[in-house]
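Asker: Let's see this in three dimensions:
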Amino acid sequence: MTAGVFSSDVASHQRRVIAILCADIDDDSRLFGIEEGRHERVERHRRELIAPSVARHDGRLIDTGDEGFFAVFEGPIDAVRSAIAIRQSVARHNASLSRQPRMRCRVGVSLGELPSDPDDICDTGVKMAARLQSLAEPDNLLISQNVYERVKNEPGCRFQLRGVEKFAHRADPVRVYSVNAAPSVVVSRPAQIAWVGYGMAVGLGLLLGGVGGWYRLQANSAAEAQKPPNVAMSLSEQRLRTDASVLPPELQVDVAPAAATSLQAFAPAPLAATRPPLRGPSREANPNQVVRECEQCPEMVELPGGTFAMGSNDDPTEQPVFRVTVPPFALGRLPVTIGEWRRCVAARACSYNPDGEDDMPVHNVSWNDAQQYVEWLSNITGVSYRLPTEAEWEYAARAGTSTRYWWGNQLVAGMANCKGCGDASDPRLPLPAGSFAPNPFGLHDMAGGVTQWVADCWHKNYRGAPVDGAVWDAPNCRERVLRGGSWMNDPSYSRVSSRDRYDAGVRYPTHGFRVARSRSN
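Answerer: Residues are numbered from 1 along each chain as shown. Have a look, this model is predicted:
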């Protein structure tokens with residue numbers, strides 16, 4: 001998922017549209033007569049809680065010299081996710097305190113322009129963000145209508161219309177929305193394309209400080225316009241990417257004989273017929289051996305080695321298309337289920353305790369959580385389990401095919417659990433693991449369901465990627481790769497080549513994984 005980059009042409013000057021976050025931080029020390037050291041506490045809050053959340057989302061923190069701050073981001077998705085992360089950091093901080101004072105934070109987010117001319121910094125977006133912050137109640141986040149229009153598709157966020165506000169610099173009233181994360185959501189940025197730095201942050205900071213101070217003085221006297229009843233905002237479908245992937249002739253797939261299975265056997269059945277009982281005999285269309293190391297272990301499919309064309313021309317992060325030779329390995333027949341995960345929790349080796357039925361894929365797990373599971377599995381079996389590499393995952397998802405999806409280039413109803421894939425799924429939860437037909441390798445849910453963690457560190461494209469199927473890591477890696485799309489993503493994320501990223505230590509509702517091991521074990 002990418003953070004939006006927008007531009008406008010005003011008076012023949014190109015202007016870069018950015019997102020502006022304005023926040024005010026304070027604590028309750030005045031209420032408890034603990035005025036001494038309050039400034040130092042606020043600075044510590046900013047340094048330990050605020051600045052890391054802004055930096056994780058590629059924001060630039062602007063120091064205004066008082067208890068408030070501004071931050072600028074390339075796009076509104078990053079700004080909103082940073083704001084939610086800040087509120088969650090504040091909530092965790094407050095929960096850790098045995099007594100008062102507690103920290104309070106109010107946030108406003110709007111869009112503004114970053115001009116190419118350093119002397120032309122006047123921006124109404126800055127004023128709007130400051131006004132929204134002044135209107136917000138403690139621990140609340142308000143966004144403007146133009147931000148809402150660009151982030152309303154974000155899974156895991158709940159939006160509520162709070163009213164219509166009149167701004168001095170706008171002729172027409174502006175709708176104002178509050179934003180909350182869905183229960184159990186801890187957010188970060190899953191964008192696919194890195195942001196080029198801001199060249200005008202220093203100059204903009206001067207304006208931000210002045211505007212922030214003025215609105216702080218006006219906040220108590222500002223009269224709000226009449227507010228209509230609250231309206232719950234549903235999350236709408238994101239635009240489907242339809243650009244065809246074109247592979248040059250020299251990158252035709254070359255897979256071991258065991259993978260050369262005709263796709264005729266996997267032609268989609270009617271929707272009702274694609275969901276027989278979990279792991280029943282009719283689910284088996286697998287030419288490869290299925291093994292299980294122990295009663296508690298996931299079922300593994302032994303896959304042949306082979307050479308294939310990795311990537312596509314659908315997205316810059318999937319380029320260049322290149323040939324990869326993958327050694328034989330084993331991969332989980334299904335994503336790890338909640339029932340399998342709970343065995344690790346019972347052994348006190350996994351710290352996260354999920355909700356849901358045992359046959360559902362475990363979700364809302366971080367990359368670090370997945371590492372706990374594979375370490376536990378390795379310890380009880382004496383076999384080195386791990387996450388698959390990104391190359392292994394795509395090789396397994398393609399299963400000897402070179403099309404956009406393993407079943408072809410066109411979306412077919414009832415083949416994957418995603419938004420717009422033609423399934424009757426619950427938008428709040430994934431379907432049980434194995435609800436759809438397996439691919440030619442006998443692997444279920446390689447498209448849709450839960451987005452799956454792989455071992456690799458995120459790189460913005462494939463330049464310099466290993467050609468032997470090995471993990472592509474990096475020192476002090478913060479973001480890891482996710483593959484396969486989820487039940488809350490549109491079908492473009494279910495393409496076999498689609499890539500995504502997320503912070504390794506952060507949980508998100510749609511993230512799960514499946515395990516792998518080398519065949520030498």
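Asker: residues of stretch 80-89 that come out buried?
Answerer: 80-89 (16 or more other Cβ atoms under 10 Å). Quick note: C-beta positions are derived from backbone N, CA and C, even for glycine.
Asker: Next, format those as CSV and append pLDDT and secondary structure.
Answerer: Shown next, in CSV, are the buried residues of stretch 80-89 (pLDDT from 0 to 100; DSSP: H, G, I helix; E, B strand; the rest coil):
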residue, pLDDT, secondary structure
V80, 88, helix
R81, 87, helix
S82, 86, helix
A83, 86, helix
I84, 86, helix
A85, 83, helix
I86, 84, helix
R87, 81, helix
Q88, 80, helix
S89, 79, helix
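Asker: V126 is in contact with F70, isn't it?
Answerer: Yes - at 7.3 Å, V126 counts as touching F70 under the criterion of Cβ atoms under 8 Å.
Asker: Which stretches in the protein count as helices?
Answerer: 38-45, 51-56, 76-95, 124-135, 145-151, 201-218, 338-346, 367-381, 390-398 (DSSP state H).
Asker: For stretch 50-57, output the C-alpha coordinates as PDB.
Answerer: Only the C-alpha atoms of stretch 50-57 are listed here, as PDB (Å, rounded to 0.1, in the frame of the first residue of the first chain):
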ATOM      1  CA  ILE A  50       6.400  11.200  20.100                       C
ATOM      2  CA  ALA A  51       9.600  11.500  18.100                       C
ATOM      3  CA  PRO A  52       9.900   7.700  17.500                       C
ATOM      4  CA  SER A  53       6.300   7.400  16.300                       C
ATOM      5  CA  VAL A  54       6.800  10.300  13.800                       C
ATOM      6  CA  ALA A  55      10.100   8.800  12.600                       C
ATOM      7  CA  ARG A  56       8.700   5.300  12.100                       C
ATOM      8  CA  HIS A  57       6.200   6.800   9.600                       C
END
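Asker: so for it, what's the average pLDDT?
Answerer: In this model, stretch 50-57 carries a mean pLDDT of 81.
Asker: same question, stretch 487-495
Answerer: Computed over stretch 487-495, the average pLDDT equals 91.
Asker: Quick one: end-to-end distance for it.
Answerer: Using Cα to Cα, to the nearest Å, the end-to-end distance of stretch 487-495 comes to 13 Å.
Asker: just to revisit the earlier point, between the buried residues of stretch 80-89, which sits nearest E479?
Answerer: Comparing the buried residues of stretch 80-89 against E479 with Cβ to Cβ places R81 closest, at 13.3 Å.
Asker: thinking that closest one is in contact with H57, fair?
Answerer: Yes - in this structure, R81 is within contact of H57 by Cβ under 8 Å, at 5.6 Å.
Asker: tally of neighbours for Y395?
Answerer: 30 (other Cβ atoms under 10 Å).
Asker: which residues does it contact?
Answerer: Contact analysis of Y395 by Cβ atoms under 8 Å, 6 or more residues apart in numbering lists 303, 306, 308, 310, 324, 326, 469.
Asker: Kindly report the same for G484.
Answerer: 393, 397, 445-452, 493-494, 498.
Asker: next one: P335
Answerer: When contacts are counted by Cβ under 8 Å, 6+ apart, P335 touches 361-362, 433, 445, 449-450, 452, 512-514.
Asker: Okay, it and L21: tell me how far apart.
Answerer: P335 sits at a distance of 35 Å from L21 (criterion: Cβ to Cβ, to the nearest Å).
Asker: mind showing which ranges of the protein have poor pLDDT?
Answerer: Scanning the chain for pLDDT under 70 picks out 1-16, 26-39, 63-67, 96-101, 114-124, 168-169, 171, 182-287, 423-426, 520-521.
Asker: rerun at 50
Answerer: Applying pLDDT under 50 to the chain picks out residues 1-15, 31-32, 117-122, 184-202, 206, 208, 211, 213-285, 521.
Asker: As JSON lines, the contacts of P335 with distance to H45 and neighbour count would be great.
Answerer: Listed next are the contacts of P335 as JSON lines, based on distance: Cβ to Cβ, whole Å; neighbours: other Cβ atoms under 10 Å:
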{"residue": "P361", "distance to H45": "37", "neighbour count": "31"}
{"residue": "V362", "distance to H45": "34", "neighbour count": "28"}
{"residue": "A433", "distance to H45": "42", "neighbour count": "30"}
{"residue": "D445", "distance to H45": "42", "neighbour count": "28"}
{"residue": "G449", "distance to H45": "39", "neighbour count": "31"}
{"residue": "V450", "distance to H45": "35", "neighbour count": "29"}
{"residue": "Q452", "distance to H45": "36", "neighbour count": "27"}
{"residue": "G512", "distance to H45": "34", "neighbour count": "30"}
{"residue": "F513", "distance to H45": "34", "neighbour count": "31"}
{"residue": "R514", "distance to H45": "40", "neighbour count": "29"}
